[in-house]
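Colleague: what follows is a predicted protein model with its sequence.
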Amino acid sequence: MQKQITDIYDKLISFVKNGRKLCVVFMVKPSRRMYPDYYIIIKNPIAFDGVKRRIHSYVYCSLEEFLHDIHLMFSNARIYNQEGSIIYMDSKDLENVAVEMYKNFTGKDIDFSEFDERFGLNKPLVLPGVPLVEDTSKSFVPSASAASTEAAETTTGSGDAASSNATAEFGGSFSSSPISVTASGIASLPPKPSFGATTANGTVKKN
């Protein structure tokens, strides 16, 4: 089992599409200082560096547990980022790779419906003090730590530094957007610049 987990992890980390290594933006969690809204929306942050620590610590008792963390990481990306964005599509591509390898190893499919229900991944998002979020159009980069342990962890300066380093490697910066309430009373988060978009001051920013 441990070898199968490692094989899937290594494949995801090395997977390249159109000349891009897709794992880069999923290596560490976003900086709380730069992206406070991420931690309002995403209740169980997780990224590849946290998954790696769990693998090396032999935390996973089954291949399914490992796949659940992978699914959580990419579900978080799809919840926070705009549908159709590069990060959104990369999360789908990488999760498909993991699921296909799981099928090859086990000869069966994996059902995430119970897991999604338990972690609220299939429910409307609720922000504190405001109605349901109507639009989660924004582009951010999820990051690092294990699903069940992340909620208990506190943010440190090193975590922000890790996020900044990952951003630099990705080749751009991110901007946070304030929460606004529409005329209908629905809270929404304004979309961040799309991948490679040029802002009003002419600065190129990436999702």
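Modeller: Received, thanks.
Colleague: can you get me a residue count around residue 10?
Modeller: A count of nearby residues for residue 10, using other Cβ atoms under 10 Å, gives 10. C-beta here means a position set from N, CA and C on the backbone, and glycine is covered the same way.
Colleague: for residue 95, that is, sorry about that
Modeller: Using other Cβ under 10 Å, residue 95 is surrounded by 20 other residues.
Colleague: quick one: contacts of the strand or helix carrying it?
Modeller: Secondary structure from DSSP states H and E places residue 95 in helix 86-106. With contact meaning Cβ atoms under 8 Å, 6 or more residues apart in numbering, helix 86-106 is reached by 4, 7-8, 11-12, 15, 17, 22-23, 25-26, 63, 67, 70-71, 73-75, 77-78, 81-82, 109-110, 139-141, 195, 207.
Colleague: repeat the analysis, applying 6 Å as the threshold.
Modeller: 4, 8, 12, 15, 22, 25, 67, 70, 74, 77-78, 81, 110, 139, 195, 207 (Cβ atoms under 6 Å, 6 or more residues apart in numbering).
Colleague: wait, isn't residue 76 in contact with residue 42?
Modeller: Yes. In this structure, residue 76 is within contact of residue 42 by Cβ atoms under 6 Å, at 4.9 Å.
Colleague: these two: which is more packed in?
Modeller: Counted by other Cβ under 10 Å, residue 76 and residue 42 do not tie: residue 76 has more neighbours, with 27 against 22.
Colleague: state the pLDDT value of that one.
Modeller: Confidence at residue 76, expressed as pLDDT, is 95.
Colleague: residues in contact with the helix or strand hosting it: which ones?
Modeller: Using DSSP H and E, residue 76 sits in helix 63-80. Residues from elsewhere that reach helix 63-80, judged by Cβ under 6 Å, 6+ apart: 1, 4-5, 41-42, 46, 51, 60, 87-88, 91, 95, 98, 102, 110, 112, 115, 121, 140, 142, 147.
Colleague: for those, which PyMOL command selects only the ones that are buried?
Modeller: To isolate the buried members of those in PyMOL, using 16 or more other Cβ atoms under 10 Å:
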select buried, resi 5+41+42+46+51+60+87+88+91+95+98+102+112+115+121+140+142+147
